[in-house]
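Q: let's see this in three dimensions:
(2 chains)
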Amino acid sequence: MDNGAKNLKTISLHISGMMCAACVAHNEEALSSLPGVTKAVVNLATGKARVEYDPDKVTLEDMKKAVSDVGYEVVLDNMQLKIGGMSCQACASNIETAVGSLPGVGKVVVNFAAGSAGIDYVPDITSLDEIRNTIHELGYDVIERVEGQEALDRERDARQKEIRRQLINLIISGTLGTIVMIGMLQPYWIFPAFIPGWLNNKVVLFFLTTPIVFGPARQFFINSWNGLRHGVTDMNLLYATGIGAAYGIAIINTFWPDAGFGGKDATFYEAAALLTAFIILGRYLEAVTRGRTSEAIRRLMKLQPRRARVIRDDREVEISAEDVQLGEIIVVRPGEALPVDGVVTEGNSSVDQSMITGESIPLEKGAGDEVIGGTINKTGAFKFRATRIGKDTALSQIIKLVEDAQTTKAPIQKIADKVAGRFILGVHILSLITFLFWFFIGFSLWFTPQSRMMLTPYSLSLVGAFGFSLLVSVTVLVISCPCALGLATPSAIMAGTGKGAEYGILFKGADAMETTARLQAIIFDKTGTLTKGEPSVTDVIALDGNDKEVLHVAAVAEKNSEHPLGTAILSGARERGIEVEDADDFEAIPGQGVSVVVGGRKLLLGNRRLMLEQNIALEKLLPEAERLEYEGKTVMFLASDGAASGLVAVADTLKKTSVQAIEELHRMGIEVIMITGDNRRTAEAIARQVGIDRVLSEVLPEDKAEEVRKLQSEGKIVAMVGDGINDAPALAQADAGIAIGSGTDVAKETGNVILVKDDLLDVVAGIQVARATLRKIKENLVWAFGYNTLAIPFGMGVLYPFVAQLVSPELAALLMATSSLSVTLNTLRMRGYIPPVKRRRQTDSVSGLESLPSA
Amino acid sequence: MKNSDLISALIYTGISLLAAGLFIVATLSTQYSNVDRFGGATWVFILCMIILMPVIIPAVKKR
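A: Here you go, the predicted structure:
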């Protein structure tokens, strides 16, 4: 993406190794501190960084180094190509050198024997086409991209690898941890009867726990050391200090039992083992959830067929969908998915577009109709000409839009990240204060030899001031970990944007979603938004009684106009069999009408403002005009050589769902306003029909943005709903610009919420999805922060003076894993969410079917 | 090791040692055992290092 004037570019980088919100803050700081980087936003849930930078000042290598300096790694996209025409190893070297020198390309490995190349690259810097062209220029053929879906599947593979890794760690730490726990319990209650005594031997427990600390728990020590070396702290440090301290005490009490750390009976091996197991359980669940929340985008990706059948040399040839060229004719059979976008040239069929537009009923397609790649041909076979391929197809644009949205941050998340980033440092300070308090004050005041740790067999009778204070201090570290915080917002945003895409509602960013959720007022453009935008002539009145001539002259005047009202008059004249010749001179007067010269006569056709400005007397036409306007019709006055001669009334009809949509919005407590260039009376008539109580009429197109600004100055959060091209300034001015009925060319739209379908109920559904997402974020934050707020005092030992029991580190870890689990499960509930307005519609259509008379 | 890294290391290690030293001094006049005294000082040193490293390193780098 090129940001033009400033020569800034934006790239998306995969970063591996991030575990928590603090990692996000470190990477953002590292990237932002580079000279030439103007903005860096990192998303934990997607594992991606979105960097806006000046390519003259900073390179990909600089970014990779900055990320690796703080302990993480930039992972480039990998692409596999089959290369033809290589005759020796030197050819492979040539390709490696040439492609490797392209900006944005990392490792290039060309295998001469296999005739293939593996290339690590950043698609935002160097595209696949540029790489292909470079290889072509060297004289080699790029025959076929091996498994086109491979790049798309890479992310899933990496995630599955992480899930597998954490699962192995979980199995090791869980199994050994359980054995250690059983061993620790051996002397108690009825256990001596069936647990062998040797399992409680401290040396045996040492040998069972050590593989956990140096195996599954190793990642925490390595990651926290990497971070500390570069002056940053993350969740790993909390775990490492917790596990390290528990393991350290256990070793001392095993091999030097008289050292004063609680003696042989307080070895805490199970604390180190189960602490590791519970933390890894949390990580495993997070890894699984991250995959689930991004399912929507993967589902979109899966829609892209891999093969296409094209006509080449008068024959049907099956090729990779990525090799389809613009203008090629593609053959589609019933049940097949369309590989690219195009226009039907031959045949008829019904096409299921629900996966792209959310429209549940298949649409009939015939010659001249547009079809969308990724949709399913239902009944007949047809041929179509490819009009958009590769990255330009609707599906690719939607995927890009949703992906981009998922890498942005909602304002609420920025605050959460900032808090999480500072939290870890705060926790260590709190841990130090807790240690000093219990060491110097608490221990001597409240310690009793009957002290125990909750849900453990230990008596703390032999523990000294240091051992006791250290235990409390370690528990604070473990219990305070805000792991759930890192996932609270991004996972909900991912689920929400994915859910929106399911219904053809595309949010351009997390901020757009948050703003949409908080909307207080919504402005609808009238023509083409609330109404069909295809008005037709309803009345013609001539002062001299010759209605046909008035319509004829009006049609001539409007022949070159592109305004919908002009088109209606022209169609009206043609429908009545009137021949419409060309005008001699034509001038459009924006927001007012047209001025033309026909057969030497100067004609004006337009609204009241035009007539007033041209000093045309309208008295004789006004009573009729007012009656028509009261009925909601738009009246166009006709003046010939400076005198009024008649009028043409044109009426636009409401869209099917307009009334219901406005009703729903009112029910949701949103103020609804209509904006139009029509006069007040016409506007109010339409508003009455649709149920809108506030109307902004006679607003020129260029003044719409100003009206939005006025509403914003009343302190309201305002959305503007209109078409993305004519209403672009107003959409841009609004807090949320909702572009409706954009069809498939979503990338060109100005709005920050894009509705693929031309259905006003999608505006309602969009707000409902956004509100549900924001609600989910707030719930998640309450789960994440609430847990910490409640758990920290217990971890610090506030209950100890009353019950003589401490929260054990492993219980703290279990609570922490529960917190992560509650956040992830809460987000997953979003998967089954259906916006109420859509649910009602589904119910209506089902009951409609049921009520059909039986044959 | 870069100059800034060395300066940072000297500062955070120095302050942490000082904190651990103060801890030992604070335990001298009372009934604490050597394990309490030196174990506690070690833990204070570790926590101080962890707290100070992310504060001192970027501050020195910025200067």
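Q: check whether the lengthiest helix in chain B contacts chain A.
A: Identified as the longest helix of chain B according to DSSP state H is helix B:34-62. Yes. Helix B:34-62 comes into contact with chain A (C-beta under 8 Å from any C-beta of the partner chain), by way of B:35-37, B:39-40, B:43-44, B:46-48, B:50-51, B:53-58, B:61. Every C-beta, even on glycine, is put in place using the N, C-alpha and C of the backbone.
Q: got a PyMOL select line for the buried ones in the residues you listed?
A: Buried subset of these, written as a PyMOL selection, criterion 16 or more other C-beta atoms under 10 Å in any protein chain shown:
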select buried, chain B and resi 35+36+37+39+40+43+44+46+47+48+50+51+53+54+55+56+57+58
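Q: what helices and strands are in contact with the helix or strand containing A:Leu401?
A: Taking DSSP states H and E as the definition, A:Leu401 sits inside helix A:394-407. If you count contacts as 3 or more C-beta pairs under 8 Å, 6 or more residues apart in numbering or on different chains; DSSP states H and E, helix A:394-407 packs onto strand A:9-16, strand A:37-43, strand A:48-53, helix A:295-303, helix A:354-357, helix A:483-502, strand A:505-507, helix A:510-517.
Q: report the mean per-residue pLDDT for the first one.
A: To tie it back to what came earlier, the one meant is strand A:9-16. Per-residue pLDDT over strand A:9-16 has a mean of 79.
Q: packing partners for whatever helix or strand comes next after it?
A: The first helix or strand that comes after strand A:9-16 along the chain, using DSSP H and E, is helix A:21-32. On a contact count with 3+ C-beta pairs under 8 Å, 6+ apart, helix A:21-32 meets strand A:37-43, strand A:48-53, helix A:60-69, helix A:411-437, helix A:483-502.
Q: which of these sits closest to chain B?
A: Checking the helices and strands packed on helix A:21-32 against chain B by C-beta to the nearest C-beta gives helix A:411-437 as the closest, at 4.4 Å.
Q: helices or strands up against that closest one?
A: Looks like helix A:411-437 contacts helix A:21-32, helix A:235-255, helix A:465-479, helix A:483-502, helix A:510-517, helix A:761-795, helix B:34-62 (3+ C-beta pairs under 8 Å, 6+ apart).
Q: what about it, distance to the chain center?
A: From the chain centre to the centre of helix A:411-437 is a distance of 28 Å (C-alpha atoms, centre = their mean, to the nearest Å).
Q: show residues contacting the helix or strand just after that helix.
A: Per DSSP H and E, the first helix or strand lying C-terminal to helix A:411-437 is helix A:443-446. By C-beta atoms under 8 Å, 6 or more residues apart in numbering or on different chains, the residues outside helix A:443-446 that reach it are A:465, A:468-469, A:800-801, A:804.
Q: which positions in helix A:443-446 come out as buried?
A: A:Phe443.
Q: which residues sit against whichever helix or strand comes after that helix?
A: Proceeding C-terminally, helix A:443-446 gives way to strand A:452-453 as the next helix or strand, assigned by DSSP H and E. The contact list for strand A:452-453 (C-beta under 8 Å, 6+ apart) reads A:458-460, A:471, A:804-808, A:811.
Q: neighbours around A:Ile190, how many?
A: Counted with other C-beta atoms under 10 Å in any protein chain shown, the neighbours of A:Ile190 add up to 7.
Q: do you know how far it is from A:Ala732?
A: To A:Ala732, A:Ile190 is 74 Å away according to C-beta to C-beta, to the nearest Å.
Q: looking at the longest helix of chain B now, give me its mean pLDDT.
A: Here the average pLDDT along helix B:34-62 is 86.
Q: and that helix, what does it pack onto?
A: For helix B:34-62, the elements it packs on are helix A:218-229, helix A:235-255, helix A:411-437, helix A:465-479, helix B:3-28, judged by 3+ C-beta pairs under 8 Å, 6+ apart.
Q: hang on, the earlier thing: so which of the helices and strands packed on helix A:394-407 gets nearest A:Gln712?
A: helix A:510-517 (11.7 Å; C-beta to C-beta).
Q: hmm, who's touching the closest one?
A: Residues from elsewhere that reach helix A:510-517 (C-beta under 8 Å, 6+ apart): A:405-406, A:408-413, A:489, A:493, A:496-497, A:500, A:507, A:717, A:719, A:735-736, A:738, A:752-753, A:766-767, A:770-771, A:773-774.
Q: which of those residues count as buried?
A: A:405-406, A:408-410, A:412-413, A:489, A:493, A:496-497, A:500, A:507, A:717, A:719, A:735-736, A:738, A:752-753, A:766-767, A:770-771, A:773-774.
Q: give the burial count for A:Asn200, as a bare number.
A: Using other C-beta under 10 Å, A:Asn200 has 20 neighbouring residues.
Q: not counting its neighbours along the chain, what's nearest it?
A: With sequence-adjacent residues excluded and distances taken as C-beta to C-beta, 6 or more residues apart in numbering or on different chains, A:Asn200 is closest to A:Gln186, at 3.9 Å.
Q: which ones are touching that neighbour?
A: Applying C-beta under 8 Å, 6+ apart, one finds that A:Gln186 lies in contact with A:192, A:195-197, A:199-200.
Q: return the member of those nearest to chain B.
A: Closest to chain B, out of all of the contacts of A:Gln186 and judged by C-beta to the nearest C-beta, is A:Asn200, at 24.4 Å.
Q: quick one: residues contacting the closest one.
A: The contact partners of A:Asn200, by C-beta under 8 Å, 6+ apart, come to A:183-184, A:186-187.
Q: please report how far the residue nearest to A:Asn200 lies from A:Ala22.
A: In this view, A:Gln186 and A:Ala22 are 40 Å apart by C-beta to C-beta.
Q: please apply the same query to A:Gly496.
A: 24 Å.
Q: how about A:Glu587, nearest residue that isn't a chain neighbour?
A: A:Glu587's closest residue in space is A:Ser595 (C-beta to C-beta, 6+ apart), at 4.7 Å.
Q: in this structure that neighbour contacts A:Leu604, no?
A: Yes. Using C-beta atoms under 8 Å, A:Ser595 is in contact with A:Leu604, at 5.4 Å.
Q: who's more crowded, the two?
A: The neighbour comparison of A:Ser595 against A:Leu604 (other C-beta under 10 Å) goes to A:Leu604, with 25 against 20.
Q: quick one: A:Val540 is in a helix?
A: No. Counting by DSSP: H, G, I helix; E, B strand; the rest coil, A:Val540 falls outside a helix, being strand.
Q: quick check: closest non-adjacent residue to it.
A: A:Asp547 (4.4 Å).
Q: would you list the phi and psi of that neighbour?
A: phi -60, psi -40 (degrees, to the nearest 10).
Q: if I look at it, how far off is A:Asp539?
A: 9 Å.
Q: pull out the buried residues from the host helix or strand of A:Glu624.
A: When elements are assigned from DSSP H and E, A:Glu624 belongs to helix A:622-630. Across helix A:622-630, burial judged by 16+ other C-beta under 10 Å covers A:622, A:624-625, A:628-629.
Q: then stretch A:203-221?
A: A:205-206, A:208-210, A:212-213, A:216-217, A:219-221.
Q: now do it: distance to the chain's middle.
A: When distances are taken as C-alpha atoms, centre = their mean, stretch A:203-221 is centred 40 Å away from the chain's centroid.
Q: tell me how far A:Ile541 lies from chain B.
A: 78 Å (C-beta to the nearest C-beta, to the nearest Å).
Q: surely that residue is in contact with A:Leu551?
A: No. Counting by C-beta under 8 Å, A:Ile541 does not reach A:Leu551; the two are 10.2 Å apart.
Q: more neighbours: which of the two?
A: Per other C-beta under 10 Å, whichever of A:Ile541 and A:Leu551 has more neighbours is A:Leu551, with 23 against 19.
Q: now that one: which helix or strand?
A: helix A:547-558.
Q: what does A:Ser819 give?
A: helix A:809-828.
Q: what's the answer for A:Phe637, then?
A: Assigned by DSSP H and E, A:Phe637 falls within strand A:634-640.
Q: burial count for the nearest residue to B:Thr13 once chain neighbours are set aside?
A: Nearest non-adjacent residue to B:Thr13, counting by C-beta to C-beta, 6+ apart: B:Met49, 7.2 Å away. Close neighbours of B:Met49, defined as other C-beta under 10 Å, add up to 19.
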